[in-house]
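Engineer: Return atomic coordinates for the entry below.
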Amino acid sequence: MTDRPSIDEYFLEIATVVAKRSTCLRNRVGAVIARDKRILSTGYNGAPRNMEHCLDIGCIRQQNNIESGTRHEKCRAVHAEQNAIIQAAIHGVSTDFATLYCTHQPCILCAKMIINSNIKKVVYIQPYPDTDALDFFADADVEVVNIPF
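Structural biologist: Residues are numbered from 1 along each chain as shown. Below is the predicted model of the structure:
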């Protein structure tokens, strides 16, 4: 018998490769949006277009000892989930009824965007301290699956 990954494991593995492009010094996060076993969009966390990356100028969150999962506004990076949704929008790709695969559980800010993007399932590898997002997903009937590697 082979070690063929499930479809969820397959897309999570792709998300871990996407995360390698991250320019964040604290968490390298990758996201893949898929539907019907096809990739619609990908994203990783990093500074907005045409701005300097934390890899180059340092991390304001590290410099100010800001705890993970808090004060999201004090980060210059756009989150991987946000970038995947933005890339889908830029290229005219609908995220209706899609699944978002992510290396980390989405934060509350990303959860709101995921819900409004009509993504119906979120699969992630690593938990995140911002557990309010899980409550939002439950209230919005978004299925959430944690598959730790």
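
Engineer: In contact with residue 34, which residues?
Structural biologist: By Cβ atoms under 8 Å, 6 or more residues apart in numbering, residue 34 lies in contact with 11, 40, 98, 99, 101. (Glycine included, C-beta is placed from N, CA and C.)

Engineer: Just those residues: which are in helices?
Structural biologist: Cross-referencing the contacts of residue 34 against helices under DSSP state H gives residue 11.

Engineer: Most neighbours of all the contacts of residue 34, which one?
Structural biologist: When neighbours are taken as other Cβ atoms under 10 Å, the top entry among the contacts of residue 34 is residue 101 (32 neighbours).

Engineer: pretty sure that one contacts residue 32?
Structural biologist: Yes - under the criterion of Cβ atoms under 8 Å, residue 101 makes contact with residue 32 at 4.5 Å.

Engineer: re the thing from before, and which of the contacts of residue 34 is nearest to residue 121?
Structural biologist: residue 99 (4.1 Å; Cβ to Cβ).

Engineer: Only the buried residues of the helix or strand bottoming out on mean pLDDT in the chain, if you could.
Structural biologist: Ranked by mean pLDDT, DSSP states H and E, the weakest helix or strand in the chain is helix 60-63, scoring a mean of 72. Applying a neighbour-count criterion of 16 or more other Cβ atoms under 10 Å, one finds residue 61 buried in helix 60-63.

Engineer: Appreciated, that's everything.
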